[in-house]
Every structure is written in structure tokens, then in C-alpha cells.
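Q: Test case, fold it:
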Amino acid sequence: MATTPANSFLINLPKRVWQGLLAFFSRLQWKLTFAYALSTVATTVVLSAIGLGLMWYLNFWSNWLPNLIAESLLKVTSVLVPYLEQSPPDRAGLNGWLHNVIADDNLVINIPTDEGQPDSKLPGNFGPVVLMAVVDRQGRVLAEYPAETTPPEALLRTQIPAEAHANLEAALRGETEPGTLAQRTANNHIFVAVPIMQADQQLLGALFVELTYPIEESEFLWLVLQQTILPVGGAMLVVGLIAGTVFGFFIARSLTRRLRRLAGATDAWSKGNFEVLIQDSSADELSQLARQLNHMALQLQNLLQTRQELATLEERNRLARDLHDSVKQQIFATAMQVGAARALLAQQPDTAQTHLLEAERLVHEAQQELTTLIRELRPAALEGYGLAAALRNYTADWSRQNQISVEVRVQGERPLPLVVEQTLFRVAQEALANVSRHSAATAAEVHLACTAHQVNLTISDNGQGFDPATTNGKGLGLRSMRERVEALGGELVIESESQRGTRIAAKVTTA
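A: Residues are numbered from 1 along each chain as shown. You can find the predicted model right below:
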């Protein structure tokens with residue numbers, strides 16, 4: 001099946017759409033928006049991971065759970081006081097109480113509240129019970145769970161692991177600090193012993209319990225992740241993503257607006273309009289940059305104004321030099337010829353006539369010289385002809401006045417910035433003026449070549465040439481040409497050799 005233009009358009013449409021979307025979302029505003037959103041997501045994930053790690057640490061690496069069990073048992077030991085105050089102690093009552101706080105081999109503690117209020121049960125359970133016992137002040141077992149397996153009056157310390165002895169002894173000394181009454185061992189067993197005391201702090205005995213940890217680490221982490229982290233973290237993630245996107249969008253839009261103002265001002269400066277200043281009243285780094293750029297623009301404006309004034313002064317000096325070297329000398333010679341004619345008019349009219357003819361010729365030459373200077377002051381490029389046409393017109397008049405043949409060659413003619421046209425036209429004027437005054441040439445050539453980003457102007461002659469090294473910067477015309485071209489960031493090359501002519505090449509880069 002042949003591919004028609006319509007089919008080709010439809011095939012390329014998804015690619016164009018994706019390219020358009022990619023270009024749109026590649027803008028700085030959307031990059032900053034996505035950065036805010038992703039930072040919010042990353043923060044939520046990190047906080048969730050920290051929460052999970054903290055819960056894992058508290059439950060499996062710290063003494064938090066054993067201390068909590070000790071604190072809970074301290075609140076219920078008052079229930080056992082009546083059983084121990086009897087003589088002998090009420091073993092049956094103690095055993096009944098032990099069976100009440102153990103359900104399905106798990107320790108579940110009811111904490112009594114103020115009188116008249118129902119008992120408060122601690123949420124959940126503390127894990128499977130391995131051994132739970134009530135002992136008297138000497139550490140003899142009075143009641144235990146599971147069913148009584150310890151001989152009557154046996155010491156509990158002989159029935160429990162050695163690492164639990166310190167906890168039991170602390171309880172039998174009447175200590176109430178959970179840190180000394182409870183511990184968690186490396187094999188995930190919990191030992192807790194708490195004192196049983198009367199209201200006047202008289203020690204009656206102790207309550208001891210050995211538990212295994214209620215859950216494996218992997219199961220615990222999965223339950224916390226499933227029941228807490230994912231629901232809460234997921235909700236925070238959605239809310240944070242929306243809030244981060246909205247917040248980032250408006251913050252980024254404000255920032256990109258300020259950057260666009262910077263770009264607009266710099267674009268105006270690139271076109272030579274330094275009156276445009278950046279308006280930014282904030283107190284951050286962008287505002288500081290804007291103030292520095294504004295200061296730079298003002299300095300550049302002053303520099304350009306100074307350069308224009310210097311260029312004007314240079315033109316005045318060159319015009320004064322040309323008037324002195326040509327028109328003034330010709331007028332002086334004319335005056336001499338007229339004076340001689342007046343002195344000879346009465347006695348030698350023929351000779352006087354000759355002097356008058358010479359004076360007429362000198363006046364004509366002065367007129368031509370003034371015409372040339374006027375054209376130099378107002379080059380053809382300023383009148384909309386373009387550089388190539390201006391060079392053709394100027395060289396035609398120059399060739400006729402100086403009796404030197406000129407060939408003008410133009411390649412790639414195109415519109416150029418006015419400042420470039422003016423500079424290159426001045427270079428051509430000065431170079432041809434030097435040809436007519438100093439070279440004794442019979443032919444010259446002007447070659448203008450334009451490319452997309454560069455323009456080259458070359459003026460060459462077949463005159464007597466000179467040694468560029470001997471000028472040593474004394475030639476005002478050569479120095480003027482070089483300064484004009486370099487002011488545009490270009491390059492001027494002067495090549496000359498005695499009796500072999502001169503070649504002047506100017507190269508300027510354009511946008």
C-alpha cells in the first residue's frame with residue numbers, strides 16, 4: 001500500500017505530539033514543579049521508612065516493651081496485697097488471679113481505675129507466658145502458672161534462668177524503677193519482676209513473669225507496613241504530591257516570570273537598547289543579579305556614548321587633516337595664481353590669462369575634493385542603497401577623479417546591519433584614499449564577499465607598496481581602519497611589499 005501525504009501525517013502525528021509535550025514539559029517552570037512534587041514524594045517515603053525503622057527498633061532492639069510490661073504490672077500488684085496479708089498467704093486466691101490475667105497463654109492485664117469506674121484493659125497482649133509466679137519476701141513460690149510444678153516452699157531463683165536473677169532480686173529489695181525490673185534477652189525472652197507492697201510501702205513479696213516475644217521480626221514489619229505505613233503513608237503521599245505540585249507550580253511560575261524579565265532586558269541590550277532596565281524589587285539573589293545587570297547596562301550605555309563621541313572627534317580630526325592637506329593647499333595656490341594674474345594683468349595680459357586658467361583649475365580641483373569629503377561625511381550606505389551599491393557608486397566617482405581603474409566584485413550580496421555597512425564603507429574610503437595619495441597605482445580592486453554569518457572586504461592595488469613594520473602606528477588612516485573593524489569584533493589584515501602593491505582585508509562576523 002502506497003503511503004499518501006495524509007497517511008504520512010497520521011503516522012507522524014503521535015511522534016509530533018510526544019515531541020510537543022516533551023518540549024512543553026522541558027520548560028524550567030515544569031522542571032521546578034516536578035522537582036517540588038518529587039521532593040514531597042521522597043520526603044513522605046523517607047518519613048515512612050524512618051517510622052517503620054523506629055517502630056522496629058523500639059520493639060526489637062530497645063527495652064521499651066519490657067519496661068512497659070513492668071510499669072503495667074506495678075499498677076496491678078495492689079490487687080495481690082490482700083492475698084499476701086493473710087497468714088498463711090491465700091495460695092488458692094493467688095493461683096485464681098494468675099489464671100484470670102492469662103488468656104490462651106497470653107498475658108492480658110486489667111488496670112484498675114478510680115473507684116466506681118470499670119477496669120481498663122491494656123490494649124492487645126504482651127505475648128505468650130512461659131512462667132508467671134508470686135513469691136514471698138524470701139523468694140519462695142506461693143503460686144505459679146502453668147499448674148504448680150514447683151515443690152512447695154521452693155525458691156523461684158532455682159527455677160528461672162540466671163540472667164533473670166538480677167530482676168528478681170531488685171523486686172525483692174522493693175525497687176520500682178522499670179529499667180532494673182525488666183529486660184529482653186537475645187533469644188527474644190522477656191523477664192519482668194515487680195515488688196508487691198502494702199500502702200505503707202511494706203514489702204510483701206514479688207510478682208515474676210517470663211514471656212516470649214509475641215511476634216517475629218519479619219511478621220511484625222509486614223503488619224506495621226500493611227496496617228500503618230501503607231494506609232497513612234499512602235494518604236500522605238497523595239496529599240503531599242498534590243500539594244507539592246500546586247505549590248511548586250506557583251513558585252516556579254513566579255521564578256520563571258522573573259527570569260523572562262531578565263531575558264527580555266538582555267535581548268533589548270543585544271539590539272543596542274540600553275534604556276530598558278530590569279524591574280525586580282525582591283531581596284534575593286535574582287534581584288541582586290538584576291541590579292548588577294542594570295549597572296552593567298548603564299556602564300555599557302556610557303561606554304557607547306563615549307565611543308560615539310570619540311568617533312565623532314576622530315572624524316572631525318580626519319576631516320581637518322584632509323581639508324588641510326588638500327582644499328587649504330589648493331585655495332592657497334589659487335590665491336597665489338590670482339595675485340600673480342592681478343600683478344601682470346596690465347602689462348602682460350597673456351601671462352595673466354595663464355595664471356587665471358591655473359587658478360580656475362585649482363578651484364575645480366578644490367570643488368571635487370570638497371564633494372568627495374561631503375560624500376565621506378554622508379556615505380551612500382546611509383541612504384538605503386546597501387553596501388555593494390554604495391561601493392560601486394563611490395569607486396566609479398573615485399576612479400574618474402583619480403584616473404585609476406577599479407574593479408568591484410561582489411559575492412553573496414545580502415542586507416547587513418547598518419553599523420557594519422558604515423564601518424566597511426569607511427574602510428574602503430580610507431583604503432582608496434591611501435591608494436590615490438601614496439601608492440602610484442594604475443589599478444585597484446574591491447572585493448566584497450558575504451556569507452551567512454560573515455562579511456569580508458578586500459581592497460588591493462598594484463602600486464609601489466610599503467613596509468607595514470615601518471609605519472609603527474604613525475599612519476592615522478591605517479589605525480583608524482583597524483579601530484573601526486575591531487570595534488565590531490572583527491579583524492583587519494594589512495599586507496604590502498615594496499613595488500608589489502598593497503592588500504587590506506577586513507573580516508566582520510554578523511549575526
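
Q: which residues of the stretch 401-511 of the chain score low on pLDDT?
A: Applying pLDDT under 70 to the stretch 401-511 of the chain flags residues 471-476, 511.

Q: Return the helix or strand in the chain with minimum mean pLDDT.
A: Here the helix or strand of the chain ranked lowest by mean pLDDT, DSSP states H and E is strand 120-121, holding a mean of 46.

Q: Could you identify the helix or strand that succeeds it?
A: Counting by DSSP states H and E, the next helix or strand C-terminal to strand 120-121 is strand 129-136.

Q: same for that following strand, what does it pack against?
A: If contacts are counted by 3 or more Cβ pairs under 8 Å, 6 or more residues apart in numbering; DSSP states H and E, strand 129-136 sits against helix 81-85, helix 91-100, strand 106-107, strand 141-145, strand 203-212. Placement of C-beta: from N, CA and C, glycine included.

Q: Helix, strand or coil: sort out the residue of the chain most remote from its centre for me.
A: Most distant from the centre of the chain: Q347, at 94.2 Å, with distances by Cα atoms, centre = their mean. With DSSP: H, G, I helix; E, B strand; the rest coil as the basis, the three-state label of Q347 is coil.

Q: Equivalent analysis for N456, please.
A: For N456, the assignment made with three-state DSSP gives strand.

Q: Once you drop chain neighbours, what's closest to it?
A: Leaving out its chain neighbours, the residue that sits closest to N456 by Cβ to Cβ, 6 or more residues apart in numbering is A449, at 4.6 Å.

Q: is it true that the one you found lies in a strand?
A: Yes - counting by three-state DSSP, one finds A449 located in a strand.

Q: For burial, what's the neighbour tally of S439?
A: 20 (other Cβ atoms under 10 Å).

Q: Go ahead and confirm it touches G463.
A: Yes - between S439 and G463 there is a contact under Cβ atoms under 8 Å: 2.7 Å.

Q: what do these two both touch?
A: Taking Cβ atoms under 8 Å, 6 or more residues apart in numbering as the criterion, S439 and G463 both touch 501-502.

Q: Can you give me the buried ones in stretch 42-55?
A: 44, 48, 52, 55 (16 or more other Cβ atoms under 10 Å).

Q: export those residues to CSV and tack on distance to L203 and pLDDT?
A: Shown next, in CSV, are these (distance: Cβ to Cβ, whole Å; pLDDT from 0 to 100):
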residue, distance to L203, pLDDT
T44, 52, 77
S48, 47, 78
L52, 42, 77
M55, 37, 76
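
Q: OK, contacts around the residue nearest to N456?
A: A449 neighbours (Cβ under 8 Å, 6+ apart): 410-412, 455-458.

Q: what two of those are the furthest from one another?
A: Of all pairs drawn from these, the greatest distance, 13.9 Å, lies between G412 and T458 (Cβ to Cβ).

Q: quick one: which of those two has more around it?
A: T458 (19 against 12).

Q: beta partners of that one?
A: When assigned by DSSP bridges, T458 has beta-bridge partners H447, A505.

Q: My guess is it contacts E495. True?
A: No - with contact defined as Cβ under 8 Å, T458 does not count as touching E495 (10.0 Å).

Q: Overlap in contacts, these two.
A: Taking Cβ under 8 Å, 6+ apart as the criterion, T458 and E495 both touch 503-505.

Q: pull the CA atoms of stretch 93-107 into CSV?
A: The C-alpha trace of stretch 93-107 is given here as CSV (Å, rounded to 0.1, in the frame of the first residue of the first chain):
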residue,chain,number,x,y,z
GLY,A,93,-6.6,-16.9,95.6
LEU,A,94,-3.2,-16.1,94.1
ASN,A,95,-3.5,-19.0,91.7
GLY,A,96,-7.0,-17.9,90.7
TRP,A,97,-5.7,-14.4,90.0
LEU,A,98,-2.9,-15.7,87.8
HIS,A,99,-5.4,-17.7,85.7
ASN,A,100,-7.5,-14.6,85.3
VAL,A,101,-4.7,-12.5,83.8
ILE,A,102,-3.6,-15.2,81.4
ALA,A,103,-5.9,-16.0,78.5
ASP,A,104,-4.8,-18.5,75.9
ASP,A,105,-1.3,-18.5,77.4
ASN,A,106,-1.1,-14.7,76.8
LEU,A,107,-0.7,-12.1,79.5
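
Q: Tell me which residues are up against that stretch.
A: With Cβ under 8 Å, 6+ apart, stretch 93-107 has contacts from 69, 76, 79-80, 82-84, 108-110, 125-129, 132, 134, 142-145, 148, 209, 211, 214.
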